[in-house]
Structure formats: C-alpha cells, structure tokens
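*Asks:* My questions concern the predicted model and sequence given below.
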There are 2 protein chains.
Amino acid sequence: MGKGTITSADVARLAKVSQSAVSRTFTPGASVSKSTKERVLAAAEELGYRPNALARAMISGQSKMIAMMFAYLENQFYPVLLERLSRTLQEKGYQPLLFMTETGNQDEVVRRLLDYQVQGLVLASATLSSDLASRCGELGIPVVLLNREIDDPVANCVASDNFAGGKLVAEHFVNTGREKIAYIAGDENSSTNRDREKGFLSGLSPHGLKLHARACGNYYHDQAASVAASMLGASDLPDAIFVANDYMAFAVIDVIRTRFGLRVPEDIAVAGYDDVPEAAWGPYQLTTVRQSTEAMSENAVMLLTEQIDGKRVEARTIRLPAQLIVRTSA
Amino acid sequence: MGKGTITSADVARLAKVSQSAVSRTFTPGASVSKSTKERVLAAAEELGYRPNALARAMISGQSKMIAMMFAYLENQFYPVLLERLSRTLQEKGYQPLLFMTETGNQDEVVRRLLDYQVQGLVLASATLSSDLASRCGELGIPVVLLNREIDDPVANCVASDNFAGGKLVAEHFVNTGREKIAYIAGDENSSTNRDREKGFLSGLSPHGLKLHARACGNYYHDQAASVAASMLGASDLPDAIFVANDYMAFAVIDVIRTRFGLRVPEDIAVAGYDDVPEAAWGPYQLTTVRQSTEAMSENAVMLLTEQIDGKRVEARTIRLPAQLIVRTSA
DNA sequence: AATCTGATTGCATACGAATGCAAATCATGT
DNA sequence: ACATGATTTGCATTCGTATGCAATCAGATT
C-alpha cells in the first residue's frame, strides 16, 4: 500500500515487546499486563498504528463483514432501510458491504460475496430470487431475509406482520364506509404482496365484501400508474384502493387526480404500505401501514450475530407488529 | 469459517500441480500453460473453489475495496447516486464498502475505513467535513469528493457545473418574466450551495435584478419548510423561488400550496436542483437542473482508478455540464 | 527460603494466496 | 543429436496478525 504501512512488529520494536504483546493489546480479553498494554498503546499512538483488519480476518476467520444485497433503491423504503441497517451493523462492530444486484447477475454477485469471506448476508429486496438465499445458507453463511419471508429452513426472516397490516387497512376502509374496494398488487411472487393481500381480504370478508377490482403494479411506480389508469377507465369506479406499497400509492394518487380529475379521499380513498417519509408530505398525506426500519434492522442484525456467534443454529422468523398510520388520503 | 474452506492447496492436490499453478491460473496474465490451466479449472470447479479475496488482498496489496461515505439518504438524490456508484464500482471489479457517518463519529469512521485497507474513498455528501478528505489524502489513499468541491490539492472532485446550473435557473426566471426572485439556500458551508447561488446571482445581475428574499434551509426538508413559511409570511411576496435542491423544493412547494393557498407556478414559480425521480411526479412537476448520477459515478470511479493504478498523481476536478429541465413548476 | 499457583511473555507457526528465483521442460534451429 | 532460447513449473518466502505452547515472572503460602 502506501509507503508507510505500520505493522504490529514496528510497534513492538518501539515498545520493546514482542509482536504477540501488540496483538494481545488489541485483542479484547487477551492476556496482557496493564503496564505492557500502556506501553504498547503509547507506541501505537505515536506511530499511528491500527491493526490490519484483513490480516486479522484471515487468521481469526472473523472478517466482521456483512453483505447487504439490494435490487434497487428507487422505492424510498429501501434507502431508509439501508441507512438504518448500515448504522446498526456499524454500531455492532460489523462492516457492511453493499451488493446491488440485477436479475441477470445474481450468480456472479453471490460468488463475489463469498470471495470476500463475509460472515453474514442480508437480503433486502422483496424481488430477489429466493434460491439465492438457500444457496448461501447451504454454504454455511448465515442469511437473513429482510422484508420477505420464505419457508426455507436455512433462512432467517424479518418482516412486519404483513397479514395484520393488510387487515388493518381493510378494517379502516370498512369503518369509514367504503364499499367498492380495490387492490393494486406488488410483485405476485413476493411474500409481502401475498400476505398483505391475504390480510386485506380477510379484513373484508367478515363484512361480506369482496374485491371490486384488482390489478398488479409489480412494485414499480410506472406500472402502478398504468394499471391504475386502466382501472379508473372502467365504468364502475372503486371508492377505495389499497396499494401494496407507498411508492406505488403515490403513482396511483397522481393518476387519480391528474389524469381523472378525481379527489382523494372524497372520490377515492387510497392507502399504502411502508410509511416512507414522503407519505407525510403535503400533497399525499398518505394513510399507510408503518414498518419500523429501526426494529427491522435491529432484529436482522440480532439474528445474524446469534448465528455467527454460534448461539443458535436453526433459522427463525420474526414478524414485527404493523401499525396503521391514518392521514387524510383514507 | 464453515467446515469446508477449500484452499488453493486442495485444488492443487486434486489437479496434481503445485499451489503456485493454481494461483497463476486465477491471476490474469500469469505464466501458465493452457493444459495445466484447464486441469486446474476443472479441479476448482469440482471442489467449488474460489480464491480468498482477503488473502489475495494481503499479499498483493490490492484489496479491491472502495469506501463510500454518505451522511444521510433521505434526500432522494443520494440513494440514486449510491446505487449508480455501487454498480459502477462493481462493474470495474471493485467492491463497495458503505460507511454512514454522523457529525460526531467521523474520526471513528475514518479509522475503520483504514483498517479495511480500502484502496480509495468516495465522499458523497455535501455536508461532510472536508478535512476528513485531506486526512485520507495525506495517508496516501486516493479520495474523490462527489457532488462537492474543495481546493485541497490531494482531493479529486466530481460535481456538476453548479455555477452554470444556477445561472440557467436565473435566466429561465428572467425569461419567463419573474422579477421578485428569492433564493432558499442549502448548507452555507457547502460548495454546491455557494456555486449555485453565485451562478444564480450572476444570471440575475445583467438584468438589473437582485435577490428579493433569501433564507437558508440547510438542505433539510423541515428547515426548508419552516424558512419558506417565514418568507411567505412577509408582506411583499416573491414571484419565484430558486431552492438549492429538489428535496427542499418539494417542501417549499407544499408550504406554498398547503399553508398559504397559493398556486405554483401562477403565483410563485419554484425551481430546484438535482432532478431526482420525484421531480417528475404529478403534483410537483418540478423545473430543475439535472445532474447525471451516471456521469458522476463514471467519472468518480475513473479518477480513483487512475490514481490507484498509478497513472496519475495530482488530483483533478471534473465539472460536468448542467442541464435545465423545464417542467411546469416554473 | 523453598514451593506452588496463576498471570504474563515470547517463540514459532498458521491463515491462504502471490511471486522472485532457479530448475525443468519445451520448441526450435543447426 | 545437441545447443539455444523461451516457457512453464515448483520451491520457498512473504503479507500482517492471532494463538498454542513452554518459559518466565510475581505473588502467596508454608
């Protein structure tokens, strides 16, 4: 590297101790007397020495690196989650590596991730292929799926209680007198969409209600706009729409107002899911279901570290409570 | 690690060659005959071997890791930039490490970053302390400031031509007949704010115009909303506001409409800076200055790799062209 | 003072791959 | 068949740190 790489041997020489002593000084819980520790720390300070994390990782087998895999960051929920997750990892002494995937390059990404000897993997996009998780799990590296559930025995999952969340929305629609209720789905293969929809339907059925209309926006802003436009082009309009996430809900609201000149919530109520910061903004005031990114991150990291530290082998699924945030869009 | 760590020695044994041969097979440009290479690759495939990037980094001094430092991801420009930057780094064979900083922990973050032997550093938030960049530069690791300029001789910079961008906005306001023109600033210590404002003023002055009002929102959504409210509470209202970035501009538009019942652009024109995806959304239709995250990322990575590969030592500043995107908000 | 116990210390080795060097192999020309 | 040069190969060492082991030391006990 740079000309001046300071090694533990340099510090040892200056402090007149062995290299082992230096190493032990920087290894919590190792056997060093107070006096040598002080000498070493003084010498280290003087030379500006810090242990090389890579060498340390090699010998100890503890790279302290965790991979975070995301597919896209345009949906505002993911940046917020990413930020929280990174901070949580850092606080616990881990270093986050970021891997952005595309549908085509997932194999390549997994390979690279293994190259770097990461100690754990957080898969954080509802649309990521799930056998990817299995493969890593089988290779012995702890995996946690964030905001997604699968019943693979090797994968930990952390998600909000999407079923309960969907149900809350349904009940809110019913309680506020809506009757022609529609759903705009996210990716049909995702557990989030499946559970939110199931919960939603289960909240409608006790009142004898069924979906008045249904379409799929695949969790994309543009697709949501386009299917919403089709839905509103029909003769019999819904009076409420539950959209599978906030990001699409914004598109739906825009279409309702701009393309059809209708009012939210007077003509059509709209609810979303996630409670991204933008949901509280002026023109949207979106009623939605809050997922705490903080709780999700904390729990994900906890599951990982428990497995890394060998406290637990079997995978767990944690379902966090969902909270309905009522604003003016519904 | 996991029980089954496959090493180059294992592959060597199976392929009946030396460990060196295995290493050379995976080192582009090394001296290996075609036949041994094939044998090695076959053996590697059979065992599922991949070179340990950490060991490789240690001996070669090439960790192939680049640190990306961000302060916050709520301003939608940063996630987009982060995503592009990560992808560009990956494509060029580098692995991005993400460091989220807070004002308090920047020293700590720099230390950790050095621990991991990163080969370069991208500093990507206008509000990050600039001596941080200097310190890293002095330690011999290439640094590039993204979306920010300083005149430190060790730091590369990549930014859009903020001066030109600000000027474009001013000219657009003037050309559309605005006369009482206000500015809402971002962080006063940031180069982006300084240059955008200078450019803006330089676009006004030839027409005998000066700022009708000015306030500072520090690049925060909430602060922008609150200073906009004060500005609009005055008796003599502006008829156009240039807001230093889109993220704040959204807040300003919301305040104009919701709190004061005024129309955009009829009563007050609003322009932003960045062209984040949300700028194109229905209720905003924000006129703004586009910064190409793609061009910024490409150039940042280019500057870094040039220095890493030793092709260049002195730091450079790249200023990318700014493009005015006219929508309906101004 | 002699012995024992527990805490410190240094030595030597290991982690996994890259690389300078010299030996071995190959291809080529005579 | 032999000499020459060009490749290919393996050996041994290296990167910077952690750690088992044996040696040393300090302190307590009799």
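*Replies:* Here it is on my side, so go on.
*Asks:* Which residue ranges of the stretch 51-200 of chain A form strands?
*Replies:* Assigned by DSSP state E, counting those that start in this stretch, the strands in the stretch 51-200 of chain A fall at A:65-70, A:95-100, A:120-123, A:143-146, A:155-160, A:181-185.
*Asks:* Point out the one among these that comes closest to DNA strand C.
*Replies:* Set against DNA strand C and scored by Cβ to the nearest atom of the strand, the strands of the stretch 51-200 of chain A come closest in strand A:65-70, at 15.1 Å. C-betas here are computed from N, CA, C, even on glycine.
*Asks:* So, low pLDDT: which residues of chain A?
*Replies:* A:1-4, A:126-129 (pLDDT under 70).
*Asks:* returning to what we had before: any chance of the strands of the stretch 51-200 of chain A in CSV with distance to DNA strand C as columns?
*Replies:* Formatted as CSV, those follow (distance: least, Cβ to the nearest atom of the strand, whole Å):
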stretch, distance to DNA strand C
strand A:65-70, 15
strand A:95-100, 18
strand A:120-123, 18
strand A:143-146, 21
strand A:155-160, 25
strand A:181-185, 45
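*Asks:* Using TSV, lay out these together with mean neighbour count.
*Replies:* Formatted as TSV, the strands of the stretch 51-200 of chain A follow (neighbours: other Cβ atoms under 10 Å in any protein chain shown):
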stretch	mean neighbour count
strand A:65-70	24
strand A:95-100	23
strand A:120-123	27
strand A:143-146	28
strand A:155-160	26
strand A:181-185	25
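*Asks:* is it possible to export those strands to JSON lines including distance to residue A:198?
*Replies:* Below are the strands of the stretch 51-200 of chain A laid out as JSON lines (distance: least, Cβ to Cβ, whole Å):
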{"stretch": "strand A:65-70", "distance to residue A:198": "26"}
{"stretch": "strand A:95-100", "distance to residue A:198": "31"}
{"stretch": "strand A:120-123", "distance to residue A:198": "22"}
{"stretch": "strand A:143-146", "distance to residue A:198": "18"}
{"stretch": "strand A:155-160", "distance to residue A:198": "14"}
{"stretch": "strand A:181-185", "distance to residue A:198": "11"}
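*Asks:* Including distance to chain B, could those go into TSV?
*Replies:* Below are those laid out as TSV (distance: least, Cβ to the nearest Cβ, whole Å):
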stretch	distance to chain B
strand A:65-70	8
strand A:95-100	5
strand A:120-123	12
strand A:143-146	13
strand A:155-160	16
strand A:181-185	16
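*Asks:* So for residue B:171, which of those strands sits nearest?
*Replies:* strand A:95-100 (37.4 Å; Cβ to Cβ).
*Asks:* Give me the contact list for that closest one.
*Replies:* Here strand A:95-100 makes contact (Cβ atoms under 8 Å, 6 or more residues apart in numbering or on different chains) with A:53, A:64-73, A:82, A:85-86, A:89-90, A:109, A:112-113, A:116, A:118, B:68, B:82-83, B:86-87, B:90, B:95-98, B:112, B:116.
*Asks:* how about the helices of chain A, start to end?
*Replies:* Ranges of helices within chain A are A:8-15, A:19-25, A:34-47, A:53-60, A:77-91, A:106-115, A:130-138, A:162-175, A:191-204, A:221-233, A:246-254, A:293-308, based on DSSP state H.
*Asks:* Indicate whether the last one makes contact with chain B.
*Replies:* No. Taking Cβ under 8 Å from any Cβ of the partner chain as the criterion, helix A:293-308 and chain B are apart, separated by no less than 10.6 Å.
*Asks:* distance between that helix and the chain's centre?
*Replies:* 11 Å (Cα atoms, centre = their mean, to the nearest Å).
*Asks:* Go through that helix and flag the buried ones.
*Replies:* Neighbour-count burial for helix A:293-308, counted by 16 or more other Cβ atoms under 10 Å in any protein chain shown, picks out A:293, A:296-305, A:307-308.
*Asks:* Nearest to residue A:212, out of the strands of the stretch 51-200 of chain A?
*Replies:* With Cβ to Cβ, the closest approach to residue A:212 among these belongs to strand A:181-185: 5.3 Å.
*Asks:* Just the endpoints, please. Distance across stretch A:211-225?
*Replies:* One end of stretch A:211-225 to the other measures 19 Å (Cα to Cα, to the nearest Å).
*Asks:* Can you list the neighbours in contact with that stretch?
*Replies:* With contact meaning Cβ under 8 Å, 6+ apart, stretch A:211-225 is reached by A:74-75, A:126-127, A:179-188, A:190, A:193, A:201, A:204, A:227-228, A:230-231, A:234, A:236, A:238, A:243-245, A:247-252, A:254-255, B:277.
*Asks:* Of the buried residues of helix A:293-308, which is the nearest to residue A:139?
*Replies:* Ranked by distance to residue A:139 (Cβ to Cβ), the buried residues of helix A:293-308 are led by residue A:307 at 13.2 Å.
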